Every structure is written in structure tokens, then in C-alpha cells.
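Engineer: Quick one, structure for this:
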Amino acid sequence: MPISYENRKGEIHYLKVAAAKKGGKRYYVIKNKNNYKPKELVSEVPQGFEFYEFPSDALVTLRKILKSSVSDEEFSIVNSVMKRHETVKDFIIDKDENALTIYIDRMDRELFEMLDDEQIRQIKRYDDILRFEKSTDGNYFAQRFCHISRYYGWITIETSDDLKYLAEKYCYHIDKESLLQFWIEGEEDW
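Structural biologist: Down below sits the predicted model:
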């Protein structure tokens, strides 16, 4: 039985193996298993690897399992703050090597009122809005994404050793323009 992974859009993905030019194996994530011979489909994920679903668009890939400095307890802190959020009910928290990134659904339902829930699920995308990066010394950096060309990328808006404090303070603003009022820590407004 081939291994499969179902993403949030309901698409089933399988893992295909092929011989590499140098004698090793190459793995590919595929959607239609009927286009391949049964011996090409893998029954288990190779050791040290995992299926990964990109939060923004639900694209599925195979990647090495990440060793994260972010604990499950730290994930729970941010998750519990987001679950209590008054206006954001559809979010994804992605845990990587040293950060928790919050993605939210920005779709305006009124513009797509003619679509049913299944159609919306197929086109829905999430934007990365807020991130809590963990440093090696145990501090956390609350960061928002800046689209101004001079500062393009994640900018740190506050540093603290208390993740709960940062989550309570900044998650409230995640879907509001007020998040843009927080500027680079230690710098004057642009």
C-alpha cells in the first residue's frame, strides 16, 4: 500500500521513487498514482524525512525533518493566544528551526459569496504576518513583515525573554492596520 498524505485542500499526495544518475534514489511527491507502476510508489517515508505542507498555498513536498529549538510548550503558548483571538479564526502556525510564524487567511468572503465552502477551500491562501523568532540566548524577537524596499523582510519590533508577553501584545494586531504602527525596535519611525 503506497504511503499518502492529504493536504488541507483534500488533495491526496503519494511518494514516487526513481533511480538517480549516481546510483542513489530520488523521491518525488505526486498526485496521480495511476500514472505510475506500483513498484515506483513508496510504502513509507524514508527515514529522516517528512511530508511538508507549505502554509501559504498547501503545496506538498518531501523534506528533511527539521530540528527545532522551539519547544511544543512555546508552540502551545502562541497557539492558545491565537485561539482566543476575537476576529482571526482561520490561522496556521508554522514551526521551523528557530521560529513560529503565524499565517492568516486574508480572503474577503463577501467578494466570493457565490462560491461554496469546498470551492473556497481550493483557492484559499494564507499570508505570513507575524513571527516569533527564538535566539540562542533564550530571547524572543517579535517580528512583522515589512514590504518597504529599504527594509524588505522580517523586522524585529520587540525583544523579550517572555514569549507569552510578546504573543499577547502582538497577536491582537495581526489582522489590523495597527500592526504597521510597530516599527523597528530602537529606531525612529521611518
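Engineer: quick one: low-confidence ranges for the protein?
Structural biologist: Applying pLDDT under 70 to the chain flags the ranges 189-190.
Engineer: Residue 17 sits in which helix or strand?
Structural biologist: Assigned by DSSP states H and E, residue 17 falls within strand 12-19.
Engineer: In the protein, what residue spans correspond to strands?
Structural biologist: 4-6, 12-19, 25-30, 49-53, 60-64, 91-95, 99-105, 126-134, 140-146, 153-160 (DSSP state E).
Engineer: want to throw these into TSV with distance to residue 74 and mean neighbour count?
Structural biologist: In short, each C-beta sits where N, CA and C put it, glycine included. Listed next are those as TSV, based on distance: least, Cβ to Cβ, whole Å; neighbours: other Cβ atoms under 10 Å:
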stretch	distance to residue 74	mean neighbour count
strand 4-6	26	14
strand 12-19	29	16
strand 25-30	29	14
strand 49-53	20	16
strand 60-64	21	14
strand 91-95	9	18
strand 99-105	7	21
strand 126-134	7	20
strand 140-146	8	21
strand 153-160	13	16
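Engineer: Could I get those in JSON lines, plus columns for distance to residue 179?
Structural biologist: Below are these laid out as JSON lines (distance: least, Cβ to Cβ, whole Å):
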{"stretch": "strand 4-6", "distance to residue 179": "33"}
{"stretch": "strand 12-19", "distance to residue 179": "34"}
{"stretch": "strand 25-30", "distance to residue 179": "34"}
{"stretch": "strand 49-53", "distance to residue 179": "25"}
{"stretch": "strand 60-64", "distance to residue 179": "30"}
{"stretch": "strand 91-95", "distance to residue 179": "14"}
{"stretch": "strand 99-105", "distance to residue 179": "11"}
{"stretch": "strand 126-134", "distance to residue 179": "7"}
{"stretch": "strand 140-146", "distance to residue 179": "6"}
{"stretch": "strand 153-160", "distance to residue 179": "9"}
